[in-house]
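Q: Just need the structure, nothing else, for what follows:
(one chain, ligands or ions: 1)
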Amino acid sequence: MIAVRRERTPGERRVAATPETVKQLVGLGLDIELEKGAGEAAGYSDAEYKEAGAKLVAAIDLSKVGVLAHVRPLDAKTATALKAGTVTVGLGSPASELATVRALRDAKVTAFALELVPRISRAQSMDALTSQALVAGYRCVLEAAMRLPRFFPLYMTAAGTIPPAKVLVLGAGVAGLQAIATAKRLGAKVSANDVRAASADEVASMGGTFIHLDLDAADASGGYAKELGQDRAQRQRDLLTPHVSEADVIITTAAIPGRPAPRLITTKMLAGMRAGSVIVDLAAESGGNVEGTVAGKDVEVKVASGTITLVGMKDAASTMPYDASRLYAKNVSNLIALITHDGKISPDFEDEVVAGACLTRDGVVLHEPTAEALAPAQKGTK
Ligand code: NAI
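A: This next block holds a predicted model:
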């Protein structure tokens, strides 16, 4: 039986299954049990789930679950309540949720963490980092547009001409590219910078102007960026400063897997910005790309020309729960489909996607960096 509960994290509005994915899973011969009201905050009614073939229950009995689908990482108490061999599918945040990983390991749960899905073409339909970054990148631009005391598009009116807003996007991964596309759709003049070699072409393909800084590319494996050393990071900040002063809106999305967000903008660099300018920091929850941002808050900063606003994004994908859930639930159901054979859950661990996404199994933490983070206190890791 596949179980889906209402998310427990305060403020989380997404859900791990939609009526559409319930239909997909029922079509595979699986039974779905859904806690009543699980989809309510995302905009999906119990009636829709029922019609799609789910059984609605007042409470899920965790000890009877075959697969537990979830959005946010489980808490340790939930993990402990699962019986050995239960499969979990959802976000795991293994680097920060070590207590849960320990509990999943000790309960002998087969836990799949969607962050660990290999970023290869075959696995794209299960890649929740990508689907949720798309939502976040879009949302950042809307947050900026709502606060900016200017238009995004160019207006030529009888009362005069209004130039388009200048938007600078720093970090042009999945979220950054969506931010570029969204700002372009709103009519802004968009430029962007990233440290990966491929990013110039990617920015251009979205209609943005790439800012070439006199810095060598910093690529790590798997398409990710490498952390810049102190000197290069300072040089990047120095070279970015005039572009920061030029921008009406800055969207920052830079990240390094497993590391705090790189500091791209310091308070000093804000000095030349125009009054009313807005900076949205998508990395606010992981340390912040911008000095002074606070996740979930707006911070006003005094500069020479007046005041600018720093927006610390928090739970960005959850702010658009209907479509974020639509994509996320598809990621979940596609992974469940991958581990289902003849109507039975039977993961093939020879498959690189299945093996790569598996965090714990049979009392062992399979993801090496997480196993290392848990050592030496734990036994039973490989
Ligand atoms: P991410 O969330 O780890 O980082 C966001 C962006 O920040 C990246 O583009 C990174 O290069 C950039 N960054 C890091 N340090 C920076 C700095 N000092 N200054 C400016 N930018 C900085 O990355 P995300 O968005 O998850 O994607 C990373 C890569 O993975 C991309 O190349 C993307 O195309 C690739 N990808 C591949 C997929 C597949 O093949 N299935 C799926 C999704 C992404």
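
Q: any idea how far residue 89 is from the residue in the chain positioned nearest to the ligand?
A: Closest residue of the chain to the ligand, C-beta to the nearest ligand atom: residue 173 (2.1 Å). Glycine gets a C-beta too; all of them are placed from N, C-alpha and C. Distance, residue 173 to residue 89, using C-beta to C-beta, to the nearest Å: 24 Å.

Q: Have a look at these two and say which one is more surrounded.
A: residue 89 (25 against 21; other C-beta atoms under 10 Å).

Q: Give me the average confidence score over the host helix or strand of the more buried one.
A: Element membership for residue 89 (DSSP states H and E) is strand 87-90. Averaging pLDDT along strand 87-90 yields 98.

Q: cool, stretch 286-296 as well?
A: Average pLDDT, stretch 286-296: 96.

Q: List, one by one, the residues from this structure near the ligand.
A: Residues of the chain lying near the ligand by C-beta under 6 Å from any ligand atom: 119-121, 124, 127, 129-130, 133, 170-176, 193-196, 223-225, 228, 236, 253-257, 262, 264.

Q: In helices, which of those appear?
A: Using DSSP state H, the subset of the residues of the chain next to the ligand located in helices is 129, 130, 133, 174, 175, 176, 236.

Q: thinking again about what came up before, only whichever of the residues of the chain next to the ligand are buried, select them in ChimeraX.
A: Burial among the residues of the chain next to the ligand is assessed by 16 or more other C-beta atoms under 10 Å; the matching ChimeraX selection reads:
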select :127,129,130,133,170,171,172,173,174,175,176,193,194,195,196,225,228,236,253,254,255,256,262,264
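
Q: Next, the residue of the chain closest to the ligand: phi, psi?
A: Per-residue torsions, residue 173: phi -90, psi -150 (degrees, to the nearest 10).

Q: tell me, how many neighbours does residue 84 end up with?
A: 11.

Q: tell me which element it falls in.
A: Assessed by DSSP H and E, residue 84 sits outside every helix and strand.

Q: Next, count neighbours for the closest residue to it other than its chain neighbours.
A: Spatially, and ignoring its direct neighbours in sequence, residue 84 is nearest to residue 108 (3.8 Å; C-beta to C-beta, 6 or more residues apart in numbering). By other C-beta under 10 Å, 17 other residues sit near residue 108.

Q: what about residue 108, is that helix, strand or coil?
A: Secondary structure assignment for residue 108 (DSSP: H, G, I helix; E, B strand; the rest coil): coil.

Q: residues touching it, list them.
A: With contact taken as C-beta atoms under 8 Å, 6 or more residues apart in numbering, residue 108 is in contact with 84, 85, 362, 363.

Q: Now rank the residues you listed by neighbours and give me the top one.
A: Top of those by neighbour count (other C-beta under 10 Å): residue 363, with 15 neighbours.

Q: pLDDT wise, what is that residue at?
A: Looking at residue 363, its pLDDT is 97.
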